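# Got a predicted model here, sequence first, then my questions.
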Amino acid sequence: MTCPLGRDKDRRDKDRRDKDRRDKTVARVRLGERLAQWMFLVPAMAYLLLFFGYPIVKNIVMSFQQYTPTTFYTSTAPFVGLRNYSTILSSDLLSKALLTTVLFTAGSLLGQFVLGLAFALFFQRSFPLGGVLRSLLLLPWLLPLVVSGTTWRWMLDTDTGVVNDTLRNLHILSSGVPWLTGTSQALVSVILINIWVGIPFNTTILYGGLQDIPTHLYEAAELDGAGPVTSFRHITWPLLRPTVSVVLVLGAVYTLKVLDLILVVTGGGPADATETIATRSYELSFQQFEFGPGAAMGNVLIVISLAFAIVYLRANRRARNV
Amino acid sequence: MISPVRPSVRQTSALFGALALLLAATGCGGGAGAGSATGEVTAITALDYYTDEPEHTQWGNLLTACGKKAGVTVEHTSVPGASLVPQVLRQASSRTLPDLLMLDNADLQQIAGTGALTPLDQYGIDFNGFAKGILSAGTYQGKVYGLAPAVNTVALFYNKDMLSNAGVAVPETWGELKTAAAKLTRPGRYGMAVDANATFEGSWQFLPFLWSNGGHEKQLDTPQAAQALQLWVDLVKSGSMSKSVVNWNQSDLHDQFLAGRTAMMINGPWRIPALNQAENLHWGVAPVPVPRAGQTPVTPLGGEVWTVPQSASKSRQEKAARVLACLNDSSSMLTVAKEHFTVPSRTTVASQYAEQVPSMAAFVHSVEGARSRTSELGVKWPKAATGIYTAIQSALTGEQTPEKALERGQQIATGS
C-alpha cells in the first residue's frame, strides 16, 4: 500500500521538483533577459546623463551662482539666488536680444522652408544631371560656417563686395546697400545668409518625405482630372505634413542657437543690431567673464528650445497615432 | 525558451568585460601623469597663442635656447588667440596648467586674480629697468605676475605715394587728420581707416583718441570722450572713412591698406613684415594724431606677458622661472623686438634699439607714454571695453549722438 503510494508520492515530489526547477529556470531566464535589456540601456543612459544631463544641470546651477574666473581655480561659487536673472532682465539686454532672436528664427525658417520645399519639388522630377545638382545643393551644408561666413562678409561689403558691385553694374542702384553696416539691413543680411545655409537641410528632408508618397495616388488624381496645384493641395501637402512638422521644429531649434554665423559675419553689430540670445550669452560668458548671467541667458534659450521640442514630440505622437 | 537566452547572457558578459576594460584603461591613463612630481626636472611645458609662422618657430627657437640655459627642454604649444583664455580657465580647474604660460597683458589681472599664477618676486627675477606701463600691466594687487620681453602699440600708417600725389603732409593733429583724409579720398579709395569692430579690438583702437584728449575709460560720458568719438563720426559722415569700419577688424584694415583702398590706417607694428613684402607699396608710420599741436599721444600698450602658473612641483616652477628670466633678459628682448617689429620693454634696451632700427622710432617714442588697459580698472576692464565698442557702434551707425552713445556705454561699463 505504502509502496505504490510512496512511489506515487516520489513521482509527485519529483514532478514538483521538476516544475520548481523549470519555474526557476524560467525565472532565471526572465531575470537574465531583463538584465540584458538594462545592459543595453545603461551605456546610452550613461552617455545621455554624462554629456547632456550634466552640462544642463551644471548650467542651471551656474545661473544661480556668482561664477567668476576665480571659481575655475578655487571652485568656490557663492549662491546668489535670482540675482543673475534679475541682472539680465533689468537691463534691456534680454528683451532686445529676444526680439532679434524671434525675428531671426522666424525669418530664417520661413525662407528656408519655402525655398527648400520648392527645390525638393523641383528635384522630384527626373531630368539629366538632376542627381549631380541635388548633391551640389548640399554644398552650403558641408562648408565650415567660418569659411562661408567670411566669404559672405566679403561679398556683402558695402564698397568692394561683389553683391553691391553687381547691383551697381546692372544700374539697379547708384550707391551701395550697407548690407552689414546698416543697423536695419544687417539683420536682414544675416537672415538671408542663414537661409542659404539652411536650404540643403530642408530640401534633403522634404525630398525624402516626397519620395515616400506613393506615385499611384498622383496617377489616380491625374485620371480624375486634377492639375498640379490640386494634387499638391490634396495629396502632397497632407501626406507631407509629418515631415513638415519635423523640418520646422528641428529648424527652429537649430536656428535659435545659431552663434558662429553671426559672430563671423557681424559679431552682433552694428550697434547690437544682430545680437541674439545666443551671441549675448557667449559675450557675457567668454568676453566679460560673467559666467552667472551668461548661464542665465543660456537657460532662457534652453527653455525656448525645450518648448519647441515638446511641440515636436507631441506632433510626432499624433502622427504615429493617425 | 532557453535558446534565446544563451547569446544574450554571453553578450551581457561581453559587455561587462568591455566596461571593465574601459574602466581599467581610463584608470590607467589617470595614474600615469601624476608620477612625475619627484626627481630631476628635464622638461617643462609652455603655452602661448603664437600660432602663425614664422612667429611660432621663432618663439619655439627662443624657448629652446632659454631652456638649454636652464637645463630643460621646453615643450612648446600654441593655441589660437581667442581660445587661449578659455583653455587656461579649463586647465586651471583641472590643475593641468603649463609650467610657462603666455597671456595677453590685458588678461593678466583677470587670471592672476584667480590665484592660478605665482608672484615672480619669489624667484629672484630682476624687475629693474622695465617701462612703467608694461610693469603695471603685469602687476596684480602690488605683486608682479607677468613680464613681457617686448611691447607694442598702435600708430598711424600712411601710403607715401598717395600723400605726396595729393600734396598732403603727414597729419599730426585731429584737424590735419580730417583735412588730409578728405583730400586723400578718391572714387574707390578712402582717406582713413580705423577698426570700429564690435569687439575689444575696436575699443583698443579708440583708446589713443580717447586718452590723448584727456578722456578716461573709468568715466565714458565726458565731453573729452564725446569729442574723440565725434572725430570718428565726422570722418565717416564726410565720406573720408568707409561706413564699413564698424565691421572691419585690424587685419581687414591691413588688407584695405595693402590693396590701396585706404591711404591711412591705425594699426600695430606686427603688420610690418607683411607690409615690407609688398614691393610696390611705399609706406610710412607716424604717431597717432593728437587733438592739438604739441601734445604727446597716449596710446594703449600691447604685448604679451609670460607667467609661471601654480603647480604641484616647486622645482618645475623654479625651472620655468629661469626660462622666463632668460626670455626677459636684454639680448632676448632685442631678438624678439627685431623679429617681430616690437619694442623692447626695458627702456635702456629700447633706446639702443631705436638707434639700430630707425623705422621703429615712432613706435619706441609712442610706447614711452603708452598706458596699459588694465592699470586703472583691473578686472573691470572687459566691461568698460564692451561699453566703449557699443558706444562707437551706436555713434558711427547714426543710431545715437556721441554723447548719448557714451552715456549708454558708461551704463554698460558700470552695470553689474
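Done, it's in. Numbers count the residues shown, from 1 in each chain, chains lettered A, B, ... in the order given.
# domains of chain A?
A:15-62, A:83-321 (automatic domain parsing).
# With distance to residue B:134, mean neighbour count and mean pLDDT added, can I get these in JSON lines?
All C-beta atoms are positioned from the backbone trio N, CA, C, and that covers glycine. Output for the domains of chain A, formatted as JSON lines (distance: least, C-beta to C-beta, whole Å; neighbours: other C-beta atoms under 10 Å in any protein chain shown; pLDDT from 0 to 100):
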{"stretch": "domain A:15-62", "distance to residue B:134": "35", "mean neighbour count": "12", "mean pLDDT": "88"}
{"stretch": "domain A:83-321", "distance to residue B:134": "23", "mean neighbour count": "18", "mean pLDDT": "88"}
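# Residue B:218 is nearest to which of those domains?
When the domains of chain A are compared by C-beta to C-beta, domain A:83-321 sits nearest residue B:218, at 16.8 Å.
# is chain B contacted by that closest one?
Yes - counting by C-beta under 8 Å from any C-beta of the partner chain, chain B has neighbours in domain A:83-321: A:87, A:91, A:153, A:157-160, A:178, A:180-183, A:266-273, A:283, A:286-289.
# Sitting in helices, which of those do you find?
Under the assignment DSSP state H, the residues of domain A:83-321 next to chain B contribute A:87, A:153, A:283, A:286 to helices.
# Going by distance to residue B:388, which of those residues wins?
residue A:283 (14.1 Å).
# Tell me who's in contact with the closest residue to that closest one other than its chain neighbours.
Nearest residue to residue A:283, sequence neighbours excluded (C-beta to C-beta, 6 or more residues apart in numbering or on different chains): residue A:268, at 6.8 Å. With contacts defined as C-beta atoms under 8 Å, 6 or more residues apart in numbering or on different chains, residue A:268 is in contact with A:262, A:274, A:275, A:276, A:279, A:280, A:283, B:198.
# If we use 10 Å, what do you get?
A:97, A:100, A:186, A:190, A:262, A:274-276, A:278-280, A:282-283, B:198-199, B:389-390, B:393 (C-beta atoms under 10 Å, 6 or more residues apart in numbering or on different chains).
# cool, residue B:159 as well?
B:165, B:184, B:189, B:257-258, B:260, B:262-265, B:281-284.
# List buried residues within those residues.
Neighbour-count burial (16 or more other C-beta atoms under 10 Å in any protein chain shown) applied to the contacts of residue B:159 gives B:184, B:189, B:257, B:258, B:262, B:263, B:264, B:265, B:283.
# re the thing from before, which ones among the contacts of residue B:159 lie within strands?
In this view, the contacts of residue B:159 that belong to strands under DSSP state E are B:264, B:265, B:283, B:284.
# Dump these into CSV; add pLDDT and distance to chain A as well.
Shown next, in CSV, are the ones in strands among the contacts of residue B:159 (pLDDT from 0 to 100; distance: C-beta to the nearest C-beta, whole Å):
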residue, pLDDT, distance to chain A
B:264, 96, 16
B:265, 96, 15
B:283, 93, 20
B:284, 92, 24
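# and the two most separated of the ones in helices among the residues of domain A:83-321 next to chain B?
A:87 and A:153 (32.0 Å).
# follow-up on the earlier one: could you find which two of the buried ones among the contacts of residue B:159 are furthest from each other?
When C-beta to C-beta is used, the two most widely separated members of these are B:184 and B:258, lying 16.2 Å apart.
# just checking, next helix/strand downstream of the helix or strand hosting residue A:30?
Taking DSSP states H and E as the criterion, residue A:30 maps to helix A:2-48. Helices and strands here follow DSSP H and E; after helix A:2-48, the next one along the chain is helix A:54-62.
# still on that earlier bit, wait, which of the ones in strands among the contacts of residue B:159 is closest to residue B:207?
Looking across these and measuring by C-beta to C-beta, the closest to residue B:207 is residue B:265, at 15.9 Å.
# For residue B:53, which three-state class applies?
Judged by DSSP: H, G, I helix; E, B strand; the rest coil, the three-state class of residue B:53 is coil.
# tell me which residues of the helix or strand residue B:231 falls within are tucked away?
If you go by DSSP H and E, residue B:231 is part of helix B:223-237. For helix B:223-237, the buried set under the neighbour-count rule, 16+ other C-beta under 10 Å, comprises B:224-236.
# restrict those to those near chain A?
residue B:236 (C-beta under 10 Å from any C-beta of the partner chain).
# Now tabulate the buried residues of helix B:223-237 in JSON lines and tack on pLDDT.
Shown next, in JSON lines, are these (pLDDT from 0 to 100):
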{"residue": "B:224", "pLDDT": "95"}
{"residue": "B:225", "pLDDT": "96"}
{"residue": "B:226", "pLDDT": "96"}
{"residue": "B:227", "pLDDT": "96"}
{"residue": "B:228", "pLDDT": "96"}
{"residue": "B:229", "pLDDT": "97"}
{"residue": "B:230", "pLDDT": "96"}
{"residue": "B:231", "pLDDT": "96"}
{"residue": "B:232", "pLDDT": "96"}
{"residue": "B:233", "pLDDT": "96"}
{"residue": "B:234", "pLDDT": "96"}
{"residue": "B:235", "pLDDT": "96"}
{"residue": "B:236", "pLDDT": "95"}
